[in-house]
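Q: coordinates for the following, if possible.
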Amino acid sequence: MTLSTPVGQVPRIGTAYEAKLKKLGITQVRDLLFHFPRTYEDFSKITPIKNLKEGAVYCVKGQLLEITEMRTYRKRVSLITGMVEDDSGAIKILWFNQPYLADSLKKGDNVYLAGKVMRDKEGVYLASPVHEKNPKSEARNPKQIQNSKFKIQNSSLTHVGRIIPVYPETAGVSSRWLRSIIKMVLASIKEMPETLPTEILAEQKFLPIQQAMWQVHFPDSMQQAELAAKRFSFEELFYILLFILSERKKIAQVKAPSIPFDADIMKRFTDKLQFQLTDDQKKAAWHILKDMEKPRPMNRLLQGDVGSGKTVVAAMAMLSAVKAGHQAALLAPTEILAQQHHKTVAAALTPFKLTIGLLTGKTDRFISPKLPNDYIEISRAKLLERVKNNEVQVLIGTHSLIQDKVKFGDLALVVVDEQHRFGVKQRMKLLHDTRLIPHLLSMTATPIPRTLAMTLYGDLDLSIIAQMPKGRKKIITKVIVPAQRQKAYQDIAEQIEQGRQVFVICPRIERTEKSPKDIEIKTVKEEYEKLSKEVFPKLRVEMLHGKMPGKEKEQVMRQFKFGKIDLLVSTSVVEVGVDIPNASVMMIEGADHFGLAQLHQFRGRVGRGEHQSYCFLFAESNSFIARKRLKALEKSNSGFELAERDLQIRGPGDFAGTKQWGLPDFAMKNLTNLELVEKARESAKAILEKDLTLKNYPLLREKVADFRQKLHLE
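A: Numbers count the residues shown, from 1 in each chain. So this is what the prediction gives:
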């Protein structure tokens with residue numbers, strides 16, 4: 001048996017269990033061994049029966065005095081009763097609905113039992129304890145002892161009498177079954193090659209892989225389990241950072257157009273703005289413009305809270321590229337945001353007489369320097385021809401820019417909004433001449449905690465805009481309980497009477513057949529009907545969602561922007577970038593269905609004008625975690641503070657979508673461990689300094705290739 005052996009070939013698994021294990025992502029022996037425990041139960045302490053106390057969990061060792069099966073009269077449920085005795089006393093045992101125990105356990109058996117001590121009218125008893133027969137000797141499994149260099153305490157016990165692992169499970173695959181299989185495989189494995197370089201093992205004082213594997217599954221102590229988990233957490237972080245930093249070094253070796261910094265043009269740009277740049281905006285713009293001077297591709301992440309002014313900084317970078325004779329492209333995640341960027345960027349760059357095009361799934365147009373305030377509709381073929389001939393200097397669109405056959409004449413800068421991963425391969429798709437790679441500026445309004453930024457975006461330089469423009473009023477945020485709903489509706493009506501507008505966000509567009517009927521899930525279509533006909537029949541209510549045709553969505557947003565709609569019921573399609581200065585209320589139904597970062601994004605859609613704005617959070621769940629998250633939003637308006645809070649409450653898996661990476665849970669938890677991340681980063685740097693292609697580290701090279709395929713970062 002090797003790590004690459006299919007699990008179907010492992011004894012006691014077979015085709016039935018093979019299908020069940022596949023649901024857990026386990027197809028090979030390697031996957032089985034790296035299916036690490038989610039927690040542990042400590043059954044290592046054996047307690048004399050006379051010392052057992054009601055309400056606590058204990059592990060005892062003794063002899064079965066009796067064991068019988070009966071069925072309850074009313075429910076016909078199997079009930080196994082027994083009595084276990086040690087040198088200090090005896091206690092009754094009860095197992096519910098486990099009839100097979102009557103065959104597997106016999107009077108006189110020596111057993112280990114672990115369970116909770118309960119009391120009924122007849123006295124105290126062990127309730128449905130975990131059981132295991134006492135092996136006759138520690139040499140019961142000589143093959144296991146012989147094959148493993150790393151003897152562990154109670155090596156012949158698997159389920160009790162020791163610290164036992166509790167695994168992520170699925171239907172038909174219990175932790176008890178997994179323990180038995182994994183222990184057998186660990187004892188039978190022919191080879192387990194060391195995956196970390198020897199210098200790192202020595203420097204970090206990590207357990208060798210085979211010892212660590214035994215200790216993570218069947219630890220001698222919790223300290224040993226933690227040491228093993230730390231080794232594997234470090235290893236996963238090390239692989240990610242090795243991949244990311246090797247990509248960064250590769251990018252540093254290719255050429256990019258050098259764009260000189262033109263102070264006069266930048267001064268003209270800022271002089272024409274109707275507001276002053278914040279210090280953070282100036283600093284970010286300076287770093288970006290100086291990066292673009294270098295003959296290697298810029299790779300920078302511009303991170304700023306909602307409404308902090310990232311687009312203005314991006315416009316400065318695009319202007320710099322165009323005035324140097326090149327082209328710039330801006331990619332947005334949605335058509336609505338692409339159209340808004342087109343208007344915003346065009347307004348900012350109008351004085352410089354640029355041709356600015358828009359290309360989305362269904363919209364093709366451009367703004368000409370001769371008609372700076374008008375859109376010129378154009379066929380896709382003609383627009384693409386103008387782009388290829390360098391006649392369109394700035395092209396804005398969705399990812400159709402890279403999905404379609406778009407070729408630029410001289411592309412020097414790509415700006416990507418809310419899409420943190422856009423690598424060299426995507427940039428090359430945009431090029432007509434592939435000798436030079438364009439600079440990259442990624443923008444996000446989702447503040448990313450430092451550890452995650454270091455790990456997930458370690459190949460990007462980071463600029464942060466933490467300051468908000470002067471004069472911004474704090475948005476008043478309230479968690480609304482059911483009894484306060486009518487009062488919230490009254491507040492909304494008052495705001496609309498004052499001429500303001502309202503967003504209503506719902507988690508779903510409509511109900512499906514799979515939607516649980518007993519759970520109240522707010523949908524756009526149902527809320528639109530309710531609000532327009534029952535709650536606000538005299539107001540102008542419209543709806544917006546992703547299934548609507550592009551032109552219809554655009555028309556609704558245009559009407560909302562120009563004040564022809566009072567209340568807009570929408571899905572998360574308005575999460576980023578929609579700018580309606582007159583909107584003063586953000587009402588979020590099913591707020592517990594969204595993460596804190598996303599709720600903060602929604603909230604940022606209001607408070608963009610001079611009026612006091614409000615955010616009302618309606619929750620469908622009464623869970624402690626849901627209330628905790630919503631209360632955090634109520635207390636804080638800082639996206640950076642909320643990002644850290646979200647990370648603490650939900651963990652990095654949900655926060656950054658890292659669950660798709662297939663990392664073990666404890667490795668994902670350690671994404672927040674700054675010390676471990678920095679150690680992994682330094683180790684990865686040291687290896688790459690010595691051997692960029694990993695020629696002398698074939699196992700590492702294989703792992704990096706695996707991550708390149710798995711992470712889909714490029």
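
Q: tell me which element residue 599 is part of?
A: Using DSSP states H and E, the element containing residue 599 is helix 596-603.

Q: from the contact counts, what lies against that helix?
A: When contacts are defined as 3 or more Cβ pairs under 8 Å, 6 or more residues apart in numbering; DSSP states H and E, helix 596-603 sits against strand 583-588, strand 614-618, helix 624-635, helix 639-650. The C-beta positions use only the backbone N, C-alpha and C, and glycine is treated the same way.

Q: so the third one versus helix 596-603, what angle?
A: Okay, so that is helix 624-635. 40 degrees (axes from the mean of the first three to the mean of the last three Cα atoms, to 10 degrees).

Q: do the same with the second one
A: Between the direction of strand 614-618 and that of helix 596-603, the angle (the same axes, to 10 degrees) works out to 130 degrees.

Q: strand partners (parallel or antiparallel) of strand 614-618?
A: Here strand 614-618 has these sheet partners by DSSP bridges: strand 476-480 (parallel), strand 583-588 (parallel).

Q: can you pull the buried residues of the shortest one?
A: Within strand 476-480, the residues that count as buried by 16 or more other Cβ atoms under 10 Å are 477, 478, 479, 480.

Q: please apply the same query to stretch 551-561.
A: 553, 554, 556, 557, 560, 561.

Q: pLDDT score for the first one?
A: Taken from the predicted model, the pLDDT recorded for residue 553 is 82.

Q: check which helices and strands the helix or strand hosting it is in contact with.
A: Element membership for residue 553, per DSSP H and E: helix 550-561. Applying 3+ Cβ pairs under 8 Å, 6+ apart, one finds that helix 550-561 contacts helix 335-349, strand 541-544.

Q: who's residue 508 bridged to?
A: On the basis of DSSP bridges, residue 508 is bridged to residue 523.

Q: pretty sure it is in contact with residue 570, am I right?
A: No. Counting by Cβ atoms under 8 Å, residue 508 does not reach residue 570; the two are 11.5 Å apart.

Q: who's in contact with residue 61?
A: With contact taken as Cβ atoms under 8 Å, 6 or more residues apart in numbering, residue 61 is in contact with 46, 86, 110, 111, 112, 113, 134, 161.

Q: for residue 292, same thing?
A: Here residue 292 is in contact with 258, 259, 261, 298, 317, 320, 321, 412, 413, 439 (criterion: Cβ under 8 Å, 6+ apart).

Q: which one of the helices and strands packed on helix 550-561 has the poorest average confidence?
A: helix 335-349 (a mean of 84).

Q: list the helices and strands that one packs on?
A: helix 310-323, strand 327-331, strand 356-359, strand 394-397, helix 550-561.

Q: identify each buried residue in that helix, please.
A: 335-346, 348-349.

Q: nearest to residue 277, of the residues you listed?
A: residue 348 (12.1 Å; Cβ to Cβ).

Q: that closest one contacts residue 309, correct?
A: No. With contacts counted by Cβ under 8 Å, residue 348 stays clear of residue 309, the gap being 11.0 Å.

Q: tell me the first helix or strand C-terminal of the helix or strand of the chain with the lowest mean pLDDT.
A: Every helix and strand in the chain was compared by mean pLDDT, DSSP states H and E; the lowest is helix 142-147, with a mean of 41. The helix or strand immediately downstream of helix 142-147 is strand 163-166, counting by DSSP H and E.

Q: buried residues, the very next helix or strand once past that following strand. List them.
A: Per DSSP H and E, the first helix or strand lying C-terminal to strand 163-166 is helix 175-188. Using 16+ other Cβ under 10 Å as the test for burial, helix 175-188 gives 175, 176, 177, 178, 179, 181, 182, 183, 184, 185, 186, 187.

Q: about what we covered before: drop anything exposed from the contacts of residue 292.
A: 259, 298, 317, 320, 321, 412, 413, 439.

Q: can you redo those as a markdown table with distance to residue 619 and pLDDT?
A: Formatted as a markdown table, the buried ones among the contacts of residue 292 follow (distance: Cβ to Cβ, whole Å; pLDDT from 0 to 100):
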| residue | distance to residue 619 | pLDDT |
| --- | --- | --- |
| 259 | 49 | 96 |
| 298 | 42 | 89 |
| 317 | 41 | 96 |
| 320 | 46 | 96 |
| 321 | 46 | 96 |
| 412 | 47 | 93 |
| 413 | 43 | 94 |
| 439 | 43 | 91 |
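
Q: lowest average pLDDT across the helices and strands packed on helix 596-603?
A: helix 639-650 (a mean of 66).

Q: which among the strands paired with strand 614-618 is found nearest to residue 34?
A: strand 583-588 (39.1 Å).

Q: relative to helix 550-561, how tilted is the closest one?
A: Using the same axes, to 10 degrees: strand 583-588 against helix 550-561 is 120 degrees.

Q: please save the CA atoms from strand 583-588 in CSV.
A: Extracted in CSV, the C-alpha atoms of strand 583-588 (Å, rounded to 0.1, in the frame of the first residue of the first chain):
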residue,chain,number,x,y,z
ALA,A,583,-30.5,56.8,-1.1
SER,A,584,-30.6,57.1,2.7
VAL,A,585,-31.9,53.7,3.9
MET,A,586,-30.4,50.3,3.4
MET,A,587,-32.9,47.6,4.6
ILE,A,588,-31.4,44.1,4.6
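
Q: where does residue 692 land in three-state SS?
A: coil (DSSP: H, G, I helix; E, B strand; the rest coil).

Q: mind checking how far the closest residue to it other than its chain neighbours is from residue 618?
A: Leaving aside its chain neighbours, residue 692 sits nearest to residue 249 (5.9 Å; criterion: Cβ to Cβ, 6 or more residues apart in numbering). Residue 249 sits 49 Å away from residue 618, going by Cβ to Cβ, to the nearest Å.

Q: compare those two (neighbour count), which wins?
A: residue 618 (23 against 14; other Cβ atoms under 10 Å).

Q: residues contacting that one?
A: Residue 618 neighbours (Cβ under 8 Å, 6+ apart): 480, 485, 488, 522, 587, 588, 589, 590, 591.

Q: again, only this time at 10 Å
A: 478-482, 484-485, 488, 504-506, 522, 587-592, 630 (Cβ atoms under 10 Å, 6 or more residues apart in numbering).

Q: so which of the helices and strands packed on helix 335-349 gets nearest residue 214?
A: Nearest to residue 214 among the helices and strands packed on helix 335-349 is strand 327-331 (48.6 Å), distances taken as Cβ to Cβ.

Q: which strands or helices does that closest one pack on?
A: If you count contacts as 3 or more Cβ pairs under 10 Å, 6 or more residues apart in numbering; DSSP states H and E, strand 327-331 packs onto helix 310-323, helix 335-349, strand 356-359, strand 394-397, helix 400-403, strand 411-417, strand 439-444.
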